[in-house]
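**Student:** coords please:
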Amino acid sequence: MGNWTSSKLCDFGNLILGVFMGFAPWMFAFPPGIPTANAVICGVLIVCLSIAALVGFAAWEEWGNMLVGLWLMISPWIVGLQPTQAVSIQFAIGVIVAVFAKNEIWFRAHRETDHV
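**Tutor:** From the prediction side, this is the model:
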């Protein structure tokens, strides 16, 4: 684990959160329909973007994760979900994913300027 930088740890954290978000509907009995579909789709997107970022970094992967995280935070109100455990879980995961993505963008920007 010697090659693991702070940015790779953020990618790995988002990978774990994406897997968790994908399985959350069954772990926490989300209501069927939009809440379940939203969680699964966002979880799959987070996993795919995180794997892409772990394999080869490009800024678009982090921006993508940030957008998915922000979507998880606002989607319950956009699609009109009732306040439930699903809303709380989606919001919390969204915040963490967006923060990890923001931190990775920051780490990369500062690491690149340190070497210039």
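**Student:** So for the longest helix along the chain, mean pLDDT?
**Tutor:** Counting residues, the longest helix found in the chain (DSSP state H) is helix 85-115. For helix 85-115, mean pLDDT rounds to 82.
**Student:** Any buried residues in it, and which?
**Tutor:** For helix 85-115, the neighbour count (16 or more other C-beta atoms under 10 Å) marks 86-87, 89-91, 93-94, 96-98, 100-105, 107-108 as buried. The way it works is simple: take the backbone N, C-alpha and C, and place the C-beta from them, glycine included.
**Student:** And the helix or strand of the chain with the lowest mean pLDDT, what does it pack against?
**Tutor:** In the chain, no helix or strand scores lower on mean pLDDT, DSSP states H and E than helix 85-115, which sits at a mean of 82. Contacts defined by 3 or more C-beta pairs under 8 Å, 6 or more residues apart in numbering; DSSP states H and E place helix 85-115 against helix 6-27, helix 34-55, helix 59-78.
**Student:** For those helices, give me a markdown table that also has mean pLDDT.
**Tutor:** A markdown table is the format used below for the helices and strands packed on helix 85-115 (pLDDT from 0 to 100):
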| stretch | mean pLDDT |
| --- | --- |
| helix 6-27 | 90 |
| helix 34-55 | 92 |
| helix 59-78 | 91 |
